[in-house]
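Asks: Provided below for reference: sequence and predicted model.
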Amino acid sequence: MSFFQTIKNWANSIVHTVQVKISNLLLYLFWKYNYVMIQIEDSKVSQIWKPVSTKLVEPMFESWICVASIESGSLLEKYVLGETEISNADEKSITIYKIDNQLRVKPSADETKYESVFAPSNVKFLSVLYEHPQVKEPLRLIIDPKYMLVGNYLLNDVFVLRLLRHQYNKGDFVFDNRYKLRIMDSNIMMSCIESNQAIILDANKYIISPPPKN
């Protein structure tokens, strides 16, 4: 390798490192903003001032990693850019990877190493309805098609709360372990998912975990 090529590679490496650090700083500030909004909603300040929309949003980066968890009934999200793993993730949290226009999800405690590209699943949901005894009408949840990948771990309680926080304002729903999801798939098959369950996508089906009690 020539001297100039070595210098070029060194410079590119520095630029990349700086870009990642700046992006992670922006993600940290983004997470802080979302966190402050959550604290405002749960405090007396919300009685005086409340944002027009309290829906959370995802960062506008092509790739990121998010660890989502539930703390005291509220959603907590932590984002980083690139391949950096987030340490000290709660064992009940989920990790979401946005990479190559795919959204991959696994329990944070799962240390399995996955292939670089997930195969798309043929499973399609026609509707996912959120039901709660304190909510008069079921709420329709939209699952981004980018999540429909073989092996993805979806619709556990953290994932459900995340969908609610990103698609509805805080006052539009009630969230606790009494909720149920009514799912209709493309085969017109109906399933009921409770708060202690999740689904794992396969190539042509989805598996409810733990299985429903007979």
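Replies: The structure has been received and is ready for your questions.
Asks: tell me the first helix or strand C-terminal of whichever helix or strand residue 97 is part of.
Replies: Per DSSP states H and E, residue 97 falls inside strand 94-99. Next helix or strand after strand 94-99 toward the C-terminus (DSSP H and E): strand 102-107.
Asks: what helices or strands is that next one leaning on?
Replies: Under the contact criterion of 3 or more C-beta pairs under 8 Å, 6 or more residues apart in numbering; DSSP states H and E, strand 102-107 touches strand 94-99, strand 153-154. To be clear about C-beta, it is placed using only N, CA and C from the backbone, and glycine gets the same treatment.
Asks: can you add mean pLDDT, distance to residue 140 and mean neighbour count and give those back as CSV?
Replies: Listed next are the helices and strands packed on strand 102-107 as CSV, based on pLDDT from 0 to 100; distance: least, C-beta to C-beta, whole Å; neighbours: other C-beta atoms under 10 Å:
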stretch, mean pLDDT, distance to residue 140, mean neighbour count
strand 94-99, 92, 21, 20
strand 153-154, 96, 16, 22
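Asks: distance to residue 165 added to these, as CSV?
Replies: CSV is the format used below for these (distance: least, C-beta to C-beta, whole Å):
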stretch, distance to residue 165
strand 94-99, 13
strand 153-154, 16
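Asks: which one of these lies closest to residue 128?
Replies: Checking the helices and strands packed on strand 102-107 against residue 128 by C-beta to C-beta gives strand 153-154 as the closest, at 9.7 Å.
Asks: partner strands of that closest one and their direction?
Replies: Using DSSP bridges, strand 153-154 pairs in its sheet with strand 198-201 (antiparallel).
Asks: and stretch 185-202, end to end?
Replies: In stretch 185-202, first residue to last residue: 14 Å (C-alpha to C-alpha, to the nearest Å).
Asks: can you list the buried residues in it?
Replies: 185, 191, 193, 195, 197, 198, 199, 200, 201 (16 or more other C-beta atoms under 10 Å).
Asks: make a markdown table out of those residues and add pLDDT and distance to residue 157.
Replies: Conversion of the buried residues of stretch 185-202 to a markdown table gives the following (pLDDT from 0 to 100; distance: C-beta to C-beta, whole Å):
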| residue | pLDDT | distance to residue 157 |
| --- | --- | --- |
| 185 | 94 | 21 |
| 191 | 95 | 16 |
| 193 | 96 | 10 |
| 195 | 95 | 5 |
| 197 | 96 | 9 |
| 198 | 97 | 8 |
| 199 | 96 | 12 |
| 200 | 96 | 15 |
| 201 | 96 | 18 |
